[in-house]
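pasted the sequence and its predicted model underneath.
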Amino acid sequence: MEKFATHTGTACPINQSNLNTDQIIPARFLKWTRAMGFGKVLFHDLRFDADGREKSDFALNKPVWRKSTILVSARNFGCGSSREAAVYALYDFGMRCVIAPSFGDIFAGNAVQNGLLTAVVSDEEAAEIMESLAQRPELPITVDLEQQTILCGNRTYKFTVDPIRRMRLLNGWDDLTLTENYRDRISAFKAEDKAKRPWAVPPGPI
Amino acid sequence: MSQPQTIIDKLWTAHEILRRDDGESLLWVDRHYVHEGSFHAFSKLAERRAEVAEPRLTFGVADHYVPTRGSRRNIANPELARMVRQLEENCASHQIKLFGLDDARQGIVHVVGPEQGLTLPGLLLVCGDSHTSTHGALGAYAFGIGASEVAHVLMTQTIWQQKPKRMRVSVDGAVPPGITAKDIVLAIIASIGADGATGCAVEFAGSAIRALSMEGRLTLCNMSIEAGARCGVVAPDAATFAYLKDKPYAPKGAAFDQAIEAWSKLATDQGAAFDREVALDAANIAPIVTWGTSPQDALPIDASAPDPTRESDPERAQYLRDALDYMGIAAGKKLTEIAIDRVFIGSCTNARIEDLRAAAAILAGRASKVPGLVSPGSSLVKRQAEDEGLDRIFRQAGLEWGESGCSMCVGINGDLVTSGERCASTTNRNFRGRQGPGARTHLMSPAMVAAAAVSGHLADVREFLAGRTA
């Protein structure tokens, strides 16, 4: 996984609360493999009409935001389905950070597994950043994970991110590598637990 | 005496292999369910040439992409056939027991797990599906995970987690006639919001929860994710144990008695502290329908759609306008005047036998004014419903009686609501496009869907109850 330190890029505001993973990537694309390019179908049904033409009023279709690498949105971003393809779609489109007042738990967990930063600001700050972007769409934003700051024009915002997720992103840690260090502890737990909770182990396949 | 603990603390502690200094814990996973959508994770295993650590704790179920109509042995749609075959191959090559299309026990993973006694109290259970929260109904710590985590669980039988906040939602009192678990959970979500339980594990407690059947509790916990909860749980009790007795994979004989002894200790201790408490009065809960595009957009059936012009907060007003616009509903319209085009009875939320009975009780001797599909929660539920003659009631009412699968809840098997059509649905998500691009979904209980079907518009089930038991 790629490490995340600081990132500067164009930021696209989508001022909708509860932007769920069904919106980020509709279910019919979930049978795709990643090689097929999930970025193409990011926000598909918000971005394109029934005939596949771009909807000109959707923020990501506006020329200035077509190559955005940061997304700013309202609360409960990524709620709903656990589909990790929502993160693949954002990342493969080029997004490296989503700024919002809150995130769906499963989405935020999936994000860190793939190097996507979920930066939490207050409702008011998110609204203010989106307003700044509405005024000056080309305004680049710099997200500094070490300092936990968002630089937007002449304003600097502090953001929160779970400290464990922050460490993982800063170091590019991968779950499996972490777990490898604890193989013995896992085996020991398994043996002890089997004696303690014999009912937890199912009979063989029926 | 030791510190009183919540059921959430007890479940957590029993599975904690270690906690790192930074506060993240490595948890042991007792059950891992996989389905066709888990192929991303199996690909990760293949990339690393890794083995499944505990195939005997891993179970496969074909549900997301399976057809509900036509041949299931020779699936006509090549893409669906490929998705199902891929699961069969992945399970076979890793020695994972699969409840596939050739198995009489196939069904929706969140129906099959409890039905087979694979889901038990005191277990930690994961699946690459957000509605894994369902299994908390039996007193398990159960949550949905993403593909990377699925791969991690396959390879290590463990998962990294941080302990969530503990929240208790208490519903006390007796619910009025016609009120089901679906109405209770929609009332909870409407009250706390779609992110009201984000970051929390939720215990559902109180006399109204205790009074729910196991199937009602499954519906309740199923939708805890729609309030953002990491998981939902109901403390196991006599009803739980009675439900599990003689289930195929549940412990038997002395082992079962021993298990009950352990399970009985899981309930929250007197005086244990929660980080957050919410209480609802069961007597005030009416039959509920959603009007908008989030499960929190829920109102009693005798209410009217919101009117954005009467909303003082401009952002909230805009939210209401967008939702009403998508749903094609005029501001302030009486909910019972909203005409529907189609009904769907199915999904991991509401397709168990009691759900089908409740819908059939309303539909018996009546005709549906709109087309619709009934997809039982599992192939065993289907057989039982047929033994009880429920399939004939649905068919005689004019509804289609299909096979079991996720079907029209998520539409990826081809069961779709046409763009612009309005569907009264027993499912869990009324998101834009959830049942198909442009589809308009109203969530409600199975009996309420049946009432809507015979009315041709959203309707109050209480008006159809005379002389019937729903």
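That came through fine.

and residue 90, how many neighbours does it have?
Answering for chain A, as no chain was given. 26 (other C-beta atoms under 10 Å in any protein chain shown). All C-beta spots, glycine's among them, are computed from the backbone N, C-alpha and C.

looking at chain B here, not the other one
Neighbour tally, B:Asn90, other C-beta under 10 Å: 23.

hmm, it is touching B:Phe42, no?
Yes: if you go by C-beta atoms under 8 Å, B:Asn90 and B:Phe42 touch, sitting 4.3 Å apart.

any idea how far B:Ile209 is from B:Ala272?
17 Å (C-beta to C-beta, to the nearest Å).

any weak-confidence spans in the stretch 1-150 of chain B?
Within the stretch 1-150 of chain B, the stretches with pLDDT under 70 are B:1.

for it, which segments count as strands?
Under the criterion DSSP state E, counting those that start in this stretch, the stretch 1-150 of chain B contains strands at B:16-19, B:24-28, B:31-34, B:58-61, B:97-99, B:124-127, B:141-144.

out of these, which gets nearest to B:Ala385?
Ranking those by their distance to B:Ala385 (criterion: C-beta to C-beta) puts strand B:97-99 first, at 18.5 Å.

the closest one pairs with which strands, and in what direction?
strand B:58-61 (parallel) (DSSP bridges).

TSV for the strands of the stretch 1-150 of chain B, including mean neighbour count?
Output for the strands of the stretch 1-150 of chain B, formatted as TSV (neighbours: other C-beta atoms under 10 Å in any protein chain shown):
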stretch	mean neighbour count
strand B:16-19	16
strand B:24-28	21
strand B:31-34	26
strand B:58-61	26
strand B:97-99	22
strand B:124-127	26
strand B:141-144	28
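
stretch B:308-321 near chain A at all?
Yes: against chain A, stretch B:308-321 shows contacts by C-beta under 8 Å from any C-beta of the partner chain at B:315, B:319.

so who does residue 43 touch?
Picked chain A for this. By C-beta atoms under 8 Å, 6 or more residues apart in numbering or on different chains, the contact set of A:Phe43 is A:14, A:23-25, A:58, A:60, A:89.

sorry, should have said chain B
Contacts of B:Ser43 by C-beta under 8 Å, 6+ apart are A:Thr33.

ok, longest strand in chain B?
strand B:165-172 (DSSP state E).

so for that strand, what gets flagged as buried?
B:166-171 (16 or more other C-beta atoms under 10 Å in any protein chain shown).

domain map for chain B?
B:7-276, B:288-464 (automatic domain parsing).

can I get these in TSV with distance to A:Pro163?
Shown next, in TSV, are the domains of chain B (distance: least, C-beta to C-beta, whole Å):
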stretch	distance to A:Pro163
domain B:7-276	7
domain B:288-464	30
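
which secondary structure element of chain A has the lowest mean pLDDT?
helix A:175-180 (a mean of 88; mean pLDDT, DSSP states H and E).

on that earlier part again, looking at B:Ala272 and B:Ile209, which has the bigger crowd around it?
Between B:Ala272 and B:Ile209, counted using other C-beta under 10 Å, B:Ile209 has the larger neighbour count: 21 against 18.

so that one makes contact with B:Val233?
No: applying C-beta under 8 Å as the test, B:Ile209 and B:Val233 come out as separate, 10.7 Å apart.

B:Asp102: neighbouring residues, count only.
11.

now for it: which residues touch it?
With C-beta under 8 Å, 6+ apart, B:Asp102 has these contacts: B:Arg73.

swap in B:Arg48?
A:176, B:155.

what does B:Ser133 give?
So B:Ser133 contacts B:142-144, B:221-225, B:229, B:231-232 (C-beta under 8 Å, 6+ apart).

ok, so of those, who is nearest B:Ile159?
Closest to B:Ile159, out of all of the contacts of B:Ser133 and judged by C-beta to C-beta, is B:Phe143, at 9.1 Å.

check which helix or strand covers B:Ala466.
Under DSSP states H and E, no helix or strand contains B:Ala466.

hmm, B:Asp281 is touching B:Gly173, no?
Yes: in this structure, B:Asp281 is within contact of B:Gly173 by C-beta under 8 Å, at 5.5 Å.

what's stretch B:357-369 in contact with?
With contact meaning C-beta under 8 Å, 6+ apart, stretch B:357-369 is reached by B:180, B:343, B:345, B:374, B:388, B:390, B:393-394, B:396-399, B:426, B:445-447, B:449-451, B:453-456, B:461, B:464-465, B:468-470.

convert it to CSV, retaining C-alpha atoms only.
Listed in CSV are the C-alpha atoms of stretch B:357-369, where the atom choice follows Å, rounded to 0.1, in the frame of the first residue of the first chain:
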residue,chain,number,x,y,z
ARG,B,357,-47.2,-15.7,6.9
ALA,B,358,-47.9,-12.1,7.9
ALA,B,359,-48.1,-11.0,4.3
ALA,B,360,-50.2,-14.0,3.3
ALA,B,361,-52.6,-13.3,6.2
ILE,B,362,-53.5,-9.9,4.6
LEU,B,363,-53.4,-11.2,1.0
ALA,B,364,-55.6,-14.3,1.6
GLY,B,365,-58.8,-14.1,-0.5
ARG,B,366,-57.7,-10.7,-1.9
ALA,B,367,-56.1,-9.6,-5.2
SER,B,368,-53.1,-7.5,-5.6
LYS,B,369,-53.7,-4.4,-7.7
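
that stretch: which residues count as buried?
Going by neighbour count (16+ other C-beta under 10 Å), the buried part of stretch B:357-369 is B:357-364, B:366, B:368-369.

ok, those vs chain A, which is closest?
Closest approach between the buried residues of stretch B:357-369 and chain A, by C-beta to the nearest C-beta: B:Ala359, at 24.9 Å.

phi, psi of that closest one?
Backbone torsions for B:Ala359, taken as degrees, to the nearest 10, come to phi -70, psi -40.
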